[in-house]
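Enquirer: Build the 3D model from these lines:
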Amino acid sequence: MLAACYGIWLGAGLWLYPIAPWGALAVMAVMAGFHTSLQHEALHGHPTRNADVNELLVALPLAVAYPYRRFKALHLRHHRDESLTDPYDDPESWYVAEGDHARLSAPMRWLLAINNTFLGRLVIGPPLMVFGFLRDEARNLIAGSRGVRRAWVHHGLGLGVLFAIVWGVMGIHPLVYVGVVAWGGMSLIAIRTYCEHRWEETPDGRTVIVEDSRILSWLFLNNNLHLVHHKLPRAPWYALPRLYRERRAQWIAANRAYVYCSYWDIVRAHALSPKDPVIHPALRRATRVTDRPASVAGGFQPSGRTPSAGPAEALPVAARPEH
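Expert: A predicted model of the protein is given here:
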């Protein structure tokens, strides 16, 4: 699958782009999103048992924005299910604490409200997410957080190779690549992540199941069955459908029936209607912001945010718990 991803991406840029540039960029955007799914598998220990080999296999940053090692560290932190959706302790939460929300400007509150609709998440979610991530990464670099500088050095080398291919060989301007391919790839992944988590009293009830995703299940490597992945994060992507079928009733009972039949049902329900409030319904409703060191964040958080100390470099490369 890695070979297919890189091969289709290269083919689109080398042979299709001179003939049909917009079609080529669309194909490359899909591959950039698919590559993110492959990176997610790699950070969870696939396809080999060697973390260095896995990192090397997915090292070319087709989606541009995130150093693999930061993605890995943050994603692994996200996999602490007891902290899911917490505005400070879950790096992938889009909720905002009530006290922080009150300090936001009116335009930013409006943007975050739009971002909580499905279409809004696809359109403005990527820049909001990248803005929040880069701001927090700058704080980590200034604070000298362990492993952050090295992760960015590795990422810089990967970007150098990427743009040598994209601009020097394919003839695609870097701004066009970032604005169409990288943004489009992140929007594709936002289809999956939009409904992945919600606030619920029990941790298992916070993670979604989307049963029939057809072609999207391939692009997302079966992460539509997201609760199964959270409970069995070491299981490879191809095992998730079987694991779900074997205990379907138990999985649905465990997540309090937080189930959609398909992504089309999510579109119909939330295209222009927010699924969740921006302010977290229960956690950190009026937390006083202190001056603790910043950590890396996946989604946007207000500038006054003070997350707990960043994850250790020992957590292998990407960032966000085994999602």
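Enquirer: Just give me the neighbour total for the closest residue to L119 other than its chain neighbours.
Expert: In space, and not counting its chain neighbours, L119 is closest to A271: 5.3 Å by C-beta to C-beta, 6 or more residues apart in numbering. All C-beta atoms are positioned from the backbone trio N, CA, C, and that covers glycine. When neighbours are defined as other C-beta atoms under 10 Å, A271 has 12 of them.
Enquirer: For L122, grab the count of nearby residues.
Expert: The number of residues near L122, taken as other C-beta under 10 Å, comes to 21.
Enquirer: pLDDT score for it?
Expert: L122 carries a pLDDT value of 97.
Enquirer: The one 10 residues further on now?
Expert: Confidence at G132, expressed as pLDDT, is 93.
Enquirer: The host helix or strand of it packs against which elements?
Expert: Assigned by DSSP states H and E, G132 belongs to helix 125-143. Counting contacts by 3 or more C-beta pairs under 8 Å, 6 or more residues apart in numbering; DSSP states H and E, helix 125-143 packs against helix 106-115, helix 148-163, helix 183-193.
Enquirer: so where's the stretch 201-323 of the chain shaky on pLDDT?
Expert: 287-323 (pLDDT under 70).
Enquirer: residue ranges for the helices of it, please.
Expert: For the stretch 201-323 of the chain, the helices defined by DSSP state H, counting those that start in this stretch cover 215-219, 226-231, 240-246, 248-254, 263-270.
Enquirer: outside of the fourth one, which residues touch it?
Expert: Outside helix 248-254, the residues that touch it by C-beta atoms under 8 Å, 6 or more residues apart in numbering are 204-205, 209, 227-228, 231, 244, 259.
Enquirer: repeat that for 6 Å
Expert: 204, 227, 259 (C-beta atoms under 6 Å, 6 or more residues apart in numbering).
Enquirer: Please identify the one among these that lies nearest to H35.
Expert: Using C-beta to C-beta, L227 is the member of these that lies nearest H35, at 24.3 Å.
Enquirer: Nearest to V130, out of the helices and strands packed on helix 125-143?
Expert: Closest among these, using C-beta to C-beta: helix 183-193, at 7.8 Å.
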